[in-house]
Structures are given as C-alpha cells and as structure tokens.
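Visitor: quick one, fold the following:
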Amino acid sequence: MQVKTESRRHSLLLILIVAAAVFASSCGGGGATAPGANTNSADLLLNTNSLDFGNVNVGSSKALSITLSNSSAPGGPSITISQIAVTGSAFSTVPPNLPLAIAAGQSSTLAITFAPKASGNATGNLSITIEGSSQPATVPLTGTGAGTGQLAISPSSLSFGSVSVGSSKSLSLSLTNSAPTGSQSISISQIALTGVAFSAVLPNLPLVLTAGQSSSVSVTFAPKAGGAASGNISVTVSGSQPVSVAMSGTGVAAGQLAVNPTSLSFGNVSVGSSKSLSLVLSNSAPTGSQNISIPQITLTGAAFSTVLPNLPLVLTPGQSFTLSVSFAPTGAGGATGNLSISVTGGQAVTVGMSGTGLAAGQLSVSPSTLTFGNVNVGNSLNMTGTLTAGGSSVTVSSASWNGSGYSVSGISFPVTIASGQSTTFTVTFAPQAAGLATGGVSFVSNASNSPTAQSFTGTGVQPTQHSVSLTWNASPSQVVGYYVYRSTQSGSYTSPLNNTPQAALAYSDTSVQSGQKYYYVVTAVDSNSQESTYSNETTAVIP
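Guide: Okay, here's the model as predicted:
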C-alpha cells in the first residue's frame, strides 16, 4: 500500500508539471517557452516569438522590449540566465548583470535597439542561454532602414537650342524622390524661374513625393528677340538648400532685308550715255538669325536696267550683295522708275529711281532745290550745287541770286563746262532773323535751256539759351567759400568758373553750348586760401 501511494503521488506530480507547462505556453500571448534541463526545472517564457521594428530612419533608432518570465508556479524552481547575445550589426542590447536569476512566477524586461546605418532590410537574432539548458532560446529580429528622401532632377540642365523669335519650345524637367522604397518622402515647397524668355507650368505646391515617385514640370522657351538667352529654375525641398538647373536657348530672329541707299538718284546724264549706281542688299539681322531668300527682282522705267544675280538669292545674317543699276536716257527730260525686291515670307522692298536726260547744248543744275533746314540766327551753313553740260560744251557767263541770308560762291565767270562734265558751286545760308527764308540762283549760259535755275529754302531759328544749376552740401570745416570747375573731359580741370570763392552753396552756369556734355567739380577754400581736393564729379548734357 505504501508503494502504491507513493506511485500515485509521483503520477500526480507529473500531471501537475505537464499542466503547468501547458498553461504557461498557452498564456504567453504568442510568446515562446524555453525548456529547462529536465522536467523538474522551470521554463522560460518569452512574450513574443519575434521582434519587428518596422521602418526606422537611417541615423535614428527604435527600442522594443521583450519580457523574460519564469513560468513556474510560485514556490517552484528559479531560472538562471547565464548569457544574452544579439547578432546583426544594426541591433543591440544592454543586458542585465549576469547571471540573472528569475524566481518562479517572476519576470524581467530586456530592451532591444534597432539603429540602421544604411537603408534596406536588416535581420538578426536575440539568443538567451539558461544555465543547465542545452539549447538557447532564440528570437528573430527584423527591421528596415529608411533613408532620407533625396531629390533627383533630370536632366541636370535644359538646353533649348535655337528657337525662332515669336515661336516657342517646351522641355520636360523630371523631379524624383530617388531614395529607395521605405525612405522618407520629400516636400517641394517652391519652384522659381529666372530669365524673361522662360516660363513653366508649375504643380500645386507643396509637392510631396514618396520614395521612388516622380513628377514633371513643363518649361517653355519663347524668345522675344534674337540672341542667346539664359536663366535658372530653382527647386526648394523643405529643410534643404535649393537645387538650381541652368536653362539656355538662342532666339533666332527673322532675316531682315536692308537696302542702301533707299533710293537711286542718277542726276543729269547726257542722252546717249549712261551712268551706274550701286545698290547694296543686306541681311541686317544679327548673327544667328534666319537667312533671307530673294526669289525675284523687277524693274520699271525704260531708261533703267540691271544685271540680275542667280535667283533665288540667299543671304545669311550679315551677308550683302551689290546690285549695279544703270540709267541710260534716250531723250531729254526727267525719268523715273522702281526697283522691287521680293523676300520669301516677307514684304517686298521698293527702291525709287530717278534721273534726267540732258540733250546736246543743255545745262542742268542739281539738286533742283537746296534744303538747309534749321540754322541758328548768327550761324551759317554751306551746301554744294553742281552744273552739268549735256552732249556739247556749255559756257556759263553769269549768275544772279536772291533771298535773305543766301549767297553763292566758289565759281568764277565765264566758265566753260565740257560735254558731259560738271563744275560745282557753294551756296551759303546765314539767317539774320528767325523764320522761313526762300531764294534761288539763276545761271545764264549759251545752253538752249538758259537760264538754268536752282531754288533755296531754309529756316532761321533763335538759339535757345541753356544753363546748368549746381548745388552742393556745405563743407564740415570752416571755409570762406567755394570754387566751381567745368570741363569737357572727365577728370581734367584747370581754372574755376568763378574768380573768387563764393559763399553760396549753389551756382548757375549760363555759358554752356547746345549739344555739349560738361563735367563739374567743386572745391572749398579756407581763410588761409588753402583749397580742398575736388568733390565728386557730376555731368550735364546740354540739349
């Protein structure tokens, strides 16, 4: 009977131990049980099977706790932990003093830290060794290093190349958060452009880009003038310095036809002879502009002719072509015509042509009218006239002129002008009063059209009296007055305008001339007649 009783007690004890172990395992909330060395030892209960730290920013850290419990019922055996180890370079722990004894029914908390040094997934293990146990308890550790968001801009610069003035070209700029998945988002708070020829369609700001996400900005170059243009687009990420993207392009202006001279005046040409003048056709647009193409050149007027180039005539920017135009009158009298130059895609340019045919025995004067414009009263202006003989020589015996302020010089009478040759004379206009003045000269000769006349017109104007008013600040030192200096060259001064120092802080210069540019400085003079250095220089331009 005694043996049986002990046997039953032993069986009952085994049942209790097993039940306790099952109870500890089922109450762990997903934890793990580390068995003892034998069935009579306590079990270590962990509150979790694994630790997952999730996403942690690189450079930051995150700590999670794990609870170590002795699952034995009160009064049962204690657990002694002899070693705690962590693997995985991103994981660490500060273990308690070892060996660590945990009494039955008691627990201890252990903190595990995840501090990623680089972005990406990281793994490790927590290993807990119990004295007397042949196998440590192991808890897998996982986490992801989340890198900071990183703005990448593509392309690194925008080059639009050549774009015609009045047209536009658009390019796309890609903004990307280039950090790996799991990294931080970036917030673009501002996008700014410089350069008047550049514009962009901006997204709503702030623009948030998650890791790997992109957004595009359409940038347009629309040159208003020919030539190189540059600018920048600046992208600011919150908390970071702006990133700048250089922009460049070249405005290509339309080609522009220029003709020189704008009209052709052949003057007097003897009947039966000819005279040629040059007409320069140019593409006056600056370098980098478009070419112009001249598909057609036409003339009107039977007395005028030209030798045409091969058409179409293409002129690059700055390039010129000289066209020779001839006047060959077949009869006496004036002749007119036009030279029309067509430009592909543009307006035709018309050049007026004129000339006078001189028959034998005729004398002509050119120009038919001398126009002097405005001349100040008290001044004078000279202009030149020309007498030309027709198909035979002409002798000019005298000249008479009229008109207030006009006089003729530079020719002596009688003078014989050979066939087809010319001689010049000078007309002077020296108005004595303001107002319009007209006049003329008449040349008497043996020509069939004698007398030959030329008219004059001009206007006398009263000159405007200009003055320059100067003011300056008082010298901080004790002075008796100031000198004012004037020059027509910057930095070059000789004598002052005022003979003695003046005490006033203002001066009026009434001796200036129209059209001049003057430079002024002021000096201060003390009681010992010592003169200061020059003041700052100022300028005045007289109309």
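
Visitor: could you pull out the strands for the stretch 401-543 of the chain?
Guide: 406-409, 415-417, 422-429, 435-445, 452-461, 468-471, 481-487, 506-509, 517-525, 538-541 (DSSP state E, counting those that start in this stretch).

Visitor: how close does the residue lying closest to Thr344 once chain neighbours are set aside sit to Ile411?
Guide: Leaving aside its chain neighbours, Thr344 sits nearest to Ser293 (4.2 Å; criterion: CB to CB, 6 or more residues apart in numbering). The way it works is simple: take the backbone N, C-alpha and C, and place the C-beta from them, glycine included. Separation of Ser293 from Ile411 (CB to CB, to the nearest Å) stands at 50 Å.

Visitor: just Gln516 next, same as before
Guide: For Gln516 relative to Ile411 (CB to CB), the value is 36 Å.

Visitor: so for these two, which sits in the more crowded spot?
Guide: In this view Gln516 and Ile411 are compared by other CB atoms under 10 Å, and Ile411 has more residues nearby, 15 against 12.

Visitor: contacts only, for that one.
Guide: Ile411 makes contacts with 387, 396, 399, 423-426, as judged by CB atoms under 8 Å, 6 or more residues apart in numbering.

Visitor: out of those, what pair is the most spread apart?
Guide: Val396 and Thr426 (15.1 Å; CB to CB).

Visitor: these two: which is more packed in?
Guide: More crowded of Val396 and Thr426, by other CB under 10 Å: Val396, with 25 against 13.

Visitor: ok now do that one, which residues does it touch?
Guide: 363, 387, 411, 413-417, 443-445.

Visitor: apply 10 Å and report the result again.
Guide: 363, 387, 389, 411-417, 423, 425, 443-447, 450-452 (CB atoms under 10 Å, 6 or more residues apart in numbering).

Visitor: buried members of the residues you listed into ChimeraX, please.
Guide: Of those, the buried ones go into a single ChimeraX selection, burial set by 16 or more other CB atoms under 10 Å:
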select :363,387,389,415,417,423,425,443,444,445,447,450,451,452
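
Visitor: so Gly334 is in which element?
Guide: Using DSSP states H and E, Gly334 falls within strand 333-342.

Visitor: only C-alpha atoms, please: export that strand in CSV.
Guide: Output of strand 333-342 as CSV, limited to C-alpha atoms (Å, rounded to 0.1, in the frame of the first residue of the first chain):
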residue,chain,number,x,y,z
GLY,A,333,13.9,115.3,-119.6
GLY,A,334,13.2,113.6,-116.3
ALA,A,335,12.8,109.8,-115.9
THR,A,336,11.6,107.7,-113.0
GLY,A,337,11.3,104.0,-112.2
ASN,A,338,11.2,101.5,-109.4
LEU,A,339,13.3,98.5,-108.4
SER,A,340,11.2,95.9,-106.4
ILE,A,341,12.9,93.2,-104.4
SER,A,342,10.7,90.3,-103.2
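
Visitor: moving C-terminal of it, what's the next helix or strand?
Guide: Past strand 333-342, heading to the C-terminal end, the next element that is a helix or strand (DSSP H and E) is strand 349-358.

Visitor: tell me the mean pLDDT over that following strand?
Guide: Here strand 349-358 scores 93 as its mean pLDDT.

Visitor: again with stretch 496-507
Guide: Stretch 496-507 comes out at a mean pLDDT of 93.

Visitor: what are the buried residues along it?
Guide: By neighbour count with 16+ other CB under 10 Å, stretch 496-507 contains the buried residues 496, 501-502, 507.

Visitor: so what would you say the end-to-end distance of that stretch is?
Guide: Using CA to CA, to the nearest Å, one end of stretch 496-507 lies 12 Å from the other.

Visitor: over to stretch 178-186?
Guide: First-to-last distance for stretch 178-186 - CA to CA - comes to 10 Å.

Visitor: so what's the gap between that stretch and the chain middle?
Guide: Put simply, stretch 178-186 sits 34 Å off its chain's centre (CA atoms, centre = their mean, to the nearest Å).

Visitor: same deal with stretch 138-156?
Guide: Using CA atoms, centre = their mean, the offset of stretch 138-156 from its chain centre is 38 Å.

Visitor: repeat for stretch 106-119
Guide: Its chain's C-alpha centre and that of stretch 106-119 lie 56 Å apart, by CA atoms, centre = their mean.

Visitor: residues in contact with Ser448?
Guide: Neighbours of Ser448 in contact, by CB under 10 Å, 6+ apart: 332, 359-363, 390, 392, 394.

Visitor: looking at those, which are in strands?
Guide: 363, 394 (DSSP state E).

Visitor: any chance of the contacts of Ser448 in a markdown table, plus distance to Gly403?
Guide: Formatted as a markdown table, the contacts of Ser448 follow (distance: CB to CB, whole Å):
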| residue | distance to Gly403 |
| --- | --- |
| Ala332 | 29 |
| Ala359 | 30 |
| Ala360 | 32 |
| Gly361 | 29 |
| Gln362 | 25 |
| Leu363 | 21 |
| Gly390 | 28 |
| Ser392 | 32 |
| Val394 | 25 |
